[in-house]
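1. task: produce atomic coordinates for the following.
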Amino acid sequence: MDTGSGPGAGKVAVVTGASRGVGKGVALALGEEGWTVYVTGRGPIEENDRLRCSADEVTSRGGAGVAVACDHRDDAQIAALFDRVDAERGRIDLLVNNVWAGPAYDRAAEPFWRRPLSDWDSLITVGLRAHYVASVAATARMVRRGSGLIVNISSFGTRRHLHSVLYGMSKAAIDKMTADMAVELAGHEVTVLSLWLGLVRTERVLAKGVETIAGFPIAEAETPEFEGRVIAALAADPKVRARSGQTLISAETAAEYGVTERDGRVPASHRAAFGGGPVFPVP
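-> A predicted model of the protein is given here:
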């Protein structure tokens, strides 16, 4: 039974890679809106582990959190996730493709020919293919039901070199996937969007103990829950279908919807810092 109250009461979301970082922040923000949120991670799910804690906090915020152990490298586990959502809730309103397995950042400065080929498995298999597989499963259900929203977490790495060659490849492919999915979804009431985040104050970023990253002050960075409030606003917009296929910038979208950080701050867009101009696809 869905126990949430608020704008998202009765609605069901799947947020992949939600044991920490952006995924957890998105799940918590949806929980505050009353959503039922299935949060995934590799697990295992045990008392006091990160994934269970994420789900429990979704519930404590006013939603209903459900922790699901899912290795997103395994298609069968992804299929089982959506079968479980079907069996337990009978609907899915929102999929947030966030799962990501990045290689060690202490090697980020190394050029591609010196990096291990196993980086492909992290950044393409998990950071791209898993998004496609989850989207296929979710979209089939959404099309049958006649409604739904998919948000693919992407990055300014589409526009300019960021972290590594494979990182940019995966993010550019996510944006292209989003645009082309929207073409094939024309005539169906299912919306798919890409969302470019700015620098986010995740646990991993804060653990670095530095004041800036790539010239961006961490004190002015976006929080994971800010991203969730932007996604909640998109999900609540009755006109969001008109934006299907677009790549949006979280800070700019927040300003459109009046979404702020808890202290009232609206983070600045990184568009100018990454060359300005239109995002993908070019209108």
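2. quick one, helices of the stretch 1-150 of the chain?
-> 21-32, 50-60, 75-89, 119-120, 130-145 (DSSP state H, counting those that start in this stretch).
3. for the last one, name the packing helices and strands.
-> Read that as helix 130-145. Helices and strands touching helix 130-145, by 3 or more CB pairs under 8 Å, 6 or more residues apart in numbering; DSSP states H and E, are helix 75-89, strand 94-97, strand 148-155, helix 165-184, strand 190-197. C-beta here means a position set from N, CA and C on the backbone, and glycine is covered the same way.
4. quick one: contacts of the first one?
-> By CB atoms under 8 Å, 6 or more residues apart in numbering, the surrounding residues in contact with helix 75-89 are 2, 12, 14, 36, 38, 40, 66, 68, 70-72, 91-92, 130, 133-134, 137-138, 141.
5. and these, which are buried?
-> Neighbour-count burial (16 or more other CB atoms under 10 Å) applied to those gives 2, 12, 14, 36, 38, 40, 66, 68, 70, 72, 91-92, 130, 133-134, 137-138, 141.
6. how close does the nearest residue to A64 once chain neighbours are set aside get to R42?
-> Once flanking residues are discounted, A64 sits nearest to T36: 4.2 Å by CB to CB, 6 or more residues apart in numbering. For T36, the distance to R42 equals 22 Å [CB to CB, to the nearest Å].
7. then G63?
-> 22 Å.
8. what's near enough to touch the nearest residue to T202 once chain neighbours are set aside?
-> Leaving aside its sequence neighbours, T202 sits nearest to G21 (CB to CB, 6+ apart; 4.1 Å). Residues near G21 by CB under 8 Å, 6+ apart: V200, T202, E203, R204, P224.
9. list the contacts of G25.
-> By CB under 8 Å, 6+ apart, the residues touching G25 are V200, T223, P224, E225, F226, E227, G228.
10. right, I'll call it a day here.
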